[in-house]
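# predicted model follows, preceded by the sequence.
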Amino acid sequence: MVSIGSGSGACSQTGKHASLNGRRLEDMDLWWLDALAVPASLHDTTGRFIHLNAAGERAAGMARAQWTKLHYLDPVPPEGRELVETNFRRAADKGESTDFVTSFVDGHGVLRRIRAQHLPLLDGDEVVAVLILAWDVLGPQVVASDSRVLPELTPRQLEILQLVAGGSSTTDIAKQLSLSTETVRNHLRSVFRELNAHTRVEAIAAAQRFGLLASAPWKPRD
């Protein structure tokens, strides 16, 4: 269990959920968010920016006041928005924490790869906000106009690639995703082609170079 602060304005996290202890989002004291060393932003369930902490302001290269006028998808390149929106809606609608790799255009116009976590904040049983944490993925940065340097994989292809990296066979992936084995093979062929790979090992190595593989999210102990 990780706890941030104490008292009526505290936010605590147990497992995959966080609680606002009955406080309305508008009334929260966000000192705990500003105290985080990792870039972090708080959003309502529609995706509107509520707050960006100082670490996030420095990493993004844009003043907090400018970011808080934006929607969370605004800095995301068009080709990456489906993946980001899917993960945000899982947090906002289902109360699930997500952990994935994506990209965004910072305040200097640079396209940056990041590992993102979307964490639901609860008031009782209701999700009232989503906390987004971000870490840089090591690798060369490219200007936004040259985004074709990054492999263009669909959310489904990225999902299958992550499972491949975890050691799942084609049959395992088909069962887990409720797909036919031939559909999985077709996705893998597209992934191999986009990554210029001929084998699973080569595809995993290329994905690691591009920062496409996210670490598995933390889970509570049994």
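Structure received.
# distance between stretch 162-169 and the chain's centre?
19 Å (CA atoms, centre = their mean, to the nearest Å).
# element containing residue 128?
Residue 128 belongs to strand 126-136 when assigned by DSSP states H and E.
# helices and strands around that strand, which ones?
On a contact count with 3 or more CB pairs under 8 Å, 6 or more residues apart in numbering; DSSP states H and E, strand 126-136 meets strand 40-43, helix 54-60, helix 81-94, strand 110-123. Backbone N, C-alpha and C define where each C-beta goes, glycine included.
# can you list the ones you listed in JSON lines and add distance to residue 179, mean neighbour count and mean pLDDT?
Output for the helices and strands packed on strand 126-136, formatted as JSON lines (distance: least, CB to CB, whole Å; neighbours: other CB atoms under 10 Å; pLDDT from 0 to 100):
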{"stretch": "strand 40-43", "distance to residue 179": "32", "mean neighbour count": "23", "mean pLDDT": "93"}
{"stretch": "helix 54-60", "distance to residue 179": "37", "mean neighbour count": "18", "mean pLDDT": "89"}
{"stretch": "helix 81-94", "distance to residue 179": "17", "mean neighbour count": "18", "mean pLDDT": "91"}
{"stretch": "strand 110-123", "distance to residue 179": "25", "mean neighbour count": "20", "mean pLDDT": "88"}
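# in JSON lines, list those along with distance to residue 28.
Formatted as JSON lines, those follow (distance: least, CB to CB, whole Å):
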{"stretch": "strand 40-43", "distance to residue 28": "9"}
{"stretch": "helix 54-60", "distance to residue 28": "17"}
{"stretch": "helix 81-94", "distance to residue 28": "17"}
{"stretch": "strand 110-123", "distance to residue 28": "9"}
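# please report how far the nearest residue in space to residue 36 that is not next to it in sequence lies from residue 37.
Among residues not flanking residue 36 along the chain, residue 53 sits closest, at 5.7 Å (CB to CB, 6 or more residues apart in numbering). Note on residue 53: its distance to residue 37, by CB to CB, to the nearest Å, is 9 Å.
# who has more neighbours out of these two?
Taking residue 53 and residue 37 together and counting by other CB atoms under 10 Å, residue 53 has the greater number of neighbours (22 against 8).
# residue 154: how many residues sit nearby?
15.
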